[in-house]
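>>> next comes the sequence, and after it the predicted model I'd like to discuss.
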Amino acid sequence: MTLPLLIARRYFLSRKKTSFINIIALISMLGVCVGTMALVIVLSVFNGLEDFNRSLFKTFDADLRITPVKGKTFAVTAALLSSVQKTAGVASVTQVYEDQALVRYANDRSAVVTIKAMDDNLRSRPEIDTALVAGRMELQHGAVNYAVLGYGVARTVGINPEDPVTPLEIWYPRRGVQLANATQDAFNQATIQPGGVFSIEQSFDDHYVFVPLRFAESLFDTGNRRSALEVQVRNGTDVETVQSRLRDQLGETFRVQNQDEQHAGLFRAIQIEKLFVFVTLIFIVAIASFNIFFSLTMLTIEKKEDVATLFAMGAWPGLIRRIFLAEGALVAFSGAFVGLIAGVAICWLQQQYGMVKMNLADSLVDAYPVRMKVSDLAGVVTALILITLAASWIPASRAARQAD
């Protein structure tokens, strides 16, 4: 143990526990402890929410999504489709067409929804099977077409997926028709049998209906135009590597996005909120650390004779400065250590036992998700070191100048 730390430890463990200086030091430790614990917990909750959103999107979205840079649709030729399918690492390619339409069930309850038409039976998307709450997760069975509805849509229009007789009506305005005072002739209309109901998250459940692509081609008059190509990557293959290959292959005409990029706005908002919370809590910890400044200032006055004795014994100003810097570090890091341990323990208990519940009826998770990251803990520790150094530097420098 170095001499500055040895002397600082002696001051820190002083027997005068009732002195005003020690009370202020204790308040400093408590403030740093609570602030550190709050930082660890809140940052871990943001990480958990980010992971939770990724798990939701993985259920609904493909690994990669190819869309046009300009416009909402693009022509899918056999050459383009073959080129994407033959790209190394690609497991399957799904043609997708999305548009809004009106759906109506037998009881005349209707809703405006987003129709997502796909050219497969969702067999290449095993994750979406976990979202099924009623019926079957398939779009075609033999010659029969089926619609798979979001839970919110099914509830709005009163769907019964077990009813094999009553079809779902889908209405879509004909191209070039003015909807003002329009009659039924202004709409393309088709019927399809409800086959299943899925529940992922409210923003999906309240808007989406899956139908077969061939069924939608006549309804929407799409021809060979598609909204997107959704790509599933082979197991064990790096998604970013396949994404880079597709970008090089398709050029600047198409946008190739992974799941995070498909929802970049949401993840950016989470990161910004996380940054603001981090800065706010660090500011609170910094305010609590002002007590370190006051306690060290009073300690330099109280230990003025000790400092003079050390100077008489040959101590130099740098040594005195390091003694009081070490004293400030002991006060701050004692509180930070306890807060860090408490924060990690609370997060671990939340991960294992889900103590704090969301209390949301339609939530897919019962308790708040948390995930601790080493980078967050390192950021907290680094910020505390800088705050402690700033709070201790002036009192330590004043003590070092007492020899003058």
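Yep, that arrived.
>>> host element of the residue nearest the centre of the chain?
With distances taken as CA atoms, centre = their mean, the residue of the chain nearest its centroid is E50 (1.6 Å). For E50, the host element (DSSP states H and E) is helix 20-60.
>>> starting at the chain centroid, how far to that helix?
Its chain's average C-alpha position is 16 Å from that of helix 20-60, according to CA atoms, centre = their mean, to the nearest Å.
>>> wait, the residue nearest to the centre of the chain sits on F267?
Yes. E50 is in contact with F267 according to CB atoms under 8 Å; the separation is 6.7 Å. Glycine gets a C-beta too; all of them are placed from N, C-alpha and C.
>>> confirm R255 sits in a strand?
Yes. Using DSSP: H, G, I helix; E, B strand; the rest coil, the assignment for R255 is a strand.
>>> hey, what's it bridged with?
Legend: beta-bridge partners of R255 under DSSP bridges are T67.
>>> give me every residue that touches it.
I66, T67, P68, V69 (CB atoms under 8 Å, 6 or more residues apart in numbering).
>>> may I ask which of the residues you listed has the most neighbours?
I66 (24 neighbours; other CB atoms under 10 Å).
>>> spatially, what comes nearest to it if we skip its sequence neighbours?
L229 (4.2 Å; CB to CB, 6 or more residues apart in numbering).
>>> and that neighbour, what's its pLDDT?
Per-residue pLDDT puts L229 at 95.
>>> check which helix or strand it maps to.
With DSSP H and E as the test, L229 turns up in strand 228-233.
>>> after that strand, heading C-terminal, what element do we hit next?
With DSSP H and E, the next secondary element past strand 228-233 is helix 239-250.
>>> buried residues in that following helix?
By neighbour count with 16 or more other CB atoms under 10 Å, helix 239-250 contains the buried residues V239, V242, Q243, L246, R247, L250.
>>> rounded mean pLDDT for that helix, please.
Mean predicted confidence for helix 239-250 is 95.
>>> next one: stretch 336-356
On average, stretch 336-356 scores 93.
>>> make 341 the first number, not 1, from now on.
Sure thing, new numbering starts at 341, so read that last one as stretch 676-696.
>>> buried residues in that stretch, which are they?
Under 16+ other CB under 10 Å, the buried positions of stretch 676-696 are A676, F677, V678, G679, L680, A682, G683, V684, I686, C687, Q690, Q691.
>>> from E557, how far out is the second one?
This points to F677. 65 Å (CB to CB, to the nearest Å).
>>> what does the first one give?
According to CB to CB, A676 stands 63 Å off from E557.
>>> tell me which residues touch the residue lying closest to G683 once chain neighbours are set aside, please.
Nearest non-adjacent residue to G683, counting by CB to CB, 6+ apart: V380, 2.9 Å away. Residues near V380 by CB under 8 Å, 6+ apart: G679, L680, G683, V684, I686, C687, M712, D716, L717, V720.
>>> ok, those residues vs L621, which is closest?
Minimum distance to L621 across the contacts of V380 is 9.0 Å, recorded for V720 (CB to CB).
>>> what strand or helix carries the closest one?
helix 714-740.
>>> same question for R661.
helix 657-693.
>>> and what of F634?
Counting by DSSP H and E, F634 is found in helix 604-642.
>>> let me know the average pLDDT across that helix.
According to the model, helix 604-642 has a mean pLDDT of 87.
>>> any buried residues in that helix, and which?
607, 610, 614, 617-618, 621-622, 625-626, 628-629, 631-640.
>>> and if you look at stretch 707-718?
Result for stretch 707-718 [16+ other CB under 10 Å]: buried residues A707, Y708, P709, V710, R711, M712, D716, L717.
>>> is it correct that the fourth one falls within a strand?
Right, V710. No. Counting by three-state DSSP, V710 falls outside a strand, being coil.
>>> wait, it touches L383, no?
No. Shown here, V710 and L383 do not form a contact pair, counting by CB under 8 Å, at 9.4 Å.
>>> next one: phi and psi at M653?
When read as degrees, to the nearest 10, the backbone of M653 gives phi -90, psi 0.
>>> what is the neighbour count of it?
Other residues close to M653 by other CB under 10 Å number 7.
>>> relative orientation of the helix holding E390 and helix 714-740 in degrees?
Put simply, helix 360-400 runs at 160 degrees to helix 714-740, going by axes from the mean of the first three to the mean of the last three CA atoms, to 10 degrees.
>>> helix 360-400 to helix 604-642, inter-axis angle?
Going by the same axes, to 10 degrees, helix 360-400 makes 170 degrees with helix 604-642.
>>> now the angle from helix 360-400 to helix 657-693?
40 degrees.
>>> quick check: mean pLDDT of helix 360-400?
88.
>>> what's the overlap in contacts for V710 and L383?
With CB under 8 Å, 6+ apart, V710 and L383 have no common neighbours.
>>> OK, contacts around A457?
By CB under 8 Å, 6+ apart, A457 lies in contact with V436, Y437, E438, F550, V551, P552, L553, F555, A556, E557, F560.
>>> quick check: mean pLDDT of the helix or strand containing it?
Assigned by DSSP H and E, A457 belongs to strand 450-458. The average pLDDT within strand 450-458 is 94.
>>> paired strands for that strand, with orientation please.
strand 430-444 (antiparallel), strand 548-552 (parallel).
>>> highest mean neighbour count out of the ones you listed?
Mean neighbours per residue, mean count of other CB atoms under 10 Å, is largest over these for strand 548-552, with a mean of 22.
>>> next SSE downstream of that one?
Criterion used, DSSP H and E; the element after strand 548-552 is helix 553-560.
>>> for the helix or strand following that following helix, which helices and strands make contact with it?
Using DSSP H and E, the helix or strand that follows helix 553-560 in sequence is strand 565-566. With contacts taken as 3 or more CB pairs under 8 Å, 6 or more residues apart in numbering; DSSP states H and E, strand 565-566 sits against strand 414-415, strand 430-444.
>>> orientation of the last one relative to helix 579-590 in degrees?
In this case it means strand 430-444. 80 degrees.
>>> quick one: average pLDDT of strand 430-444?
93.
>>> between it and strand 568-573, how many degrees?
140 degrees.
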